[in-house]
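[1] sharing a sequence plus its predicted fold:
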Amino acid sequence: MTKRIPIKTAKEVAEKHGLRQILLIGFDGESVHVVTYGQTKSECALAAQAQDFWLGKIREMSFTEQVAPND
């Protein structure tokens, strides 16, 4: 089972790249994993809205059809 992506990881990416909000999306071959981060409470809320939007888009496509088999 894949471990959850910690919010700390999203915060580190934001700080390293000078960003105020982060939305990280990962795929482990079976499930989509998402974590968001915002510097302020309002930016956290906006990042969560972005997550809801993108998860809707992700559900419209099938990752499994696009993933190459393991070599």
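    Sure thing, it's come through.
[2] low-scoring stretches of the protein, by residue?
    Scanning the chain for pLDDT under 70 picks out 1-2, 57-71.
[3] strands of this structure, residue ranges please.
    21-27, 32-38 (DSSP state E).
[4] okay, those strands, which one's buried deepest?
    Mean neighbour count (mean count of other CB atoms under 10 Å) peaks for strand 32-38 among the strands of the chain, with a mean of 19. Any C-beta I mention is one placed from the backbone N, CA and C, and that applies to glycine too.
[5] returning to that earlier point: distance to R4 for the strands of the chain - can I get that in a markdown table?
    Output for the strands of the chain, formatted as a markdown table (distance: least, CB to CB, whole Å):
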| stretch | distance to R4 |
| --- | --- |
| strand 21-27 | 10 |
| strand 32-38 | 7 |
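[6] so for Q51, which of these sits nearest?
    strand 32-38 (5.0 Å; CB to CB).
[7] my read: G26 touches R4, true?
    No. In this structure G26 lies outside contact range of R4 using CB atoms under 8 Å: 10.0 Å.
[8] anything in contact with each of those two?
    Residues touching both G26 and R4 by CB atoms under 8 Å, 6 or more residues apart in numbering: H33.
[9] could you point out the longest helix in the protein?
    helix 41-59 (DSSP state H).
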